[in-house]
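Enquirer: Pasting the sequence and the predicted coordinates here, then a few questions.
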Amino acid sequence: MAREITQAIVDGILVGGVYALMAVGLTLIFGVLDIINIAQCVLVILGAYLSYSLFTKAGIDPFLGLLITIPAMFIAAAGPDQGAAFTKAVGAGNATGMMVPNGWYPSYNNAESQKMVSEYVQQYGGSASGVNADVAEAYAVGQVVQQAITANGSVDNAKIISYLHSGVTLQTVQGTVKFDSLGENSSAAAFVFQWQNNGSKYVQVLPTGGVSVPIIATKPAWAR
């Protein structure tokens, strides 16, 4: 009896931990982006099934299997905005037709962004479409901090925070940045992008007009 009770307690803790992790992930994503990302739960279940399959089919202990499941989930979670890292993971041909919402892309009509992309490609090679959104996001953070420090003439955290919440508008490779009282960028740009031309071009499809191109409505068959 004691063994069954102990097993039930352990099972309850483990299952509860999974639910807690899913809830924390949903809360974090919704709190930052105001978007309910249902795919986050799908990835959790996918990881669980992968661990189960490795254990039942290959006899790999679930803890040892983490060496396989963690990198696999990183690849699966690498969204279409990750440039060459994404097309390399899924195959350039398979990327064709995939869409993703984001606030930046390599062909963004912003002088600072175009300069950054040009310098990045010159330094690391590849093409503009291969530059992932993380590059712009990290660069923009540096620009915001630099402008705050320059304006205050100080690296004091309290002064920087106060400045960023003062309603000032800052310029970055992602466009204008203006934080509200909650720390959200109220002037952020919003686009929808799609991989086209056999996975070689990452283009804006929404909103329509300007540099936007027509959407590929039907995704080509997935290569095996």
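Expert: Arrived safely. Keep in mind the model is a prediction, meaning the values are calculated, not measured.

Enquirer: By mean pLDDT, which helix or strand of this structure comes out lowest?
Expert: Taking mean pLDDT, DSSP states H and E as the measure, the helix or strand of the chain with the lowest value is helix 66-77, at a mean of 73.

Enquirer: Next secondary structure after that helix?
Expert: Past helix 66-77, heading to the C-terminal end, the next element that is a helix or strand (DSSP states H and E) is helix 84-90.

Enquirer: Outline the domain layout of this structure.
Expert: For the chain, the structural domains run 2-81, 82-206, going by automatic domain parsing.

Enquirer: tell me the most buried of those?
Expert: Sort the domains of the chain by mean neighbour count, taking mean count of other CB atoms under 10 Å, and domain 82-206 sits at the top with a mean of 16. The way it works is simple: take the backbone N, C-alpha and C, and place the C-beta from them, glycine included.

Enquirer: Relative to the whole chain's centre, how far out is that one?
Expert: In terms of CA atoms, centre = their mean, to the nearest Å, the centre of domain 82-206 is found 11 Å from the chain centre.

Enquirer: Give the rounded mean pLDDT of it.
Expert: Along domain 82-206, the predicted confidence averages to a pLDDT of 88.

Enquirer: Quote the end-to-end distance of it.
Expert: Between the opening and closing residues of domain 82-206 there is a gap of 18 Å (CA to CA, to the nearest Å).

Enquirer: about what we covered before: quick one: which of the domains of the chain is nearest T218?
Expert: Proximity to T218, assessed across these by CB to CB, is greatest for domain 82-206 (7.3 Å).

Enquirer: Need the pLDDT of T56.
Expert: T56 is assigned a pLDDT of 91 by the prediction.

Enquirer: Find the nearest non-adjacent residue to F179, please.
Expert: Leaving aside its sequence neighbours, F179 sits nearest to L164 (CB to CB, 6 or more residues apart in numbering; 5.2 Å).

Enquirer: Also K219?
Expert: Here the nearest residue to K219 in space, its sequence neighbours aside, is G97; by CB to CB, 6+ apart that works out to 3.2 Å.

Enquirer: Can you give me the distance of A133 to P101?
Expert: Applying CB to CB, to the nearest Å, one obtains 11 Å for the distance of A133 from P101.
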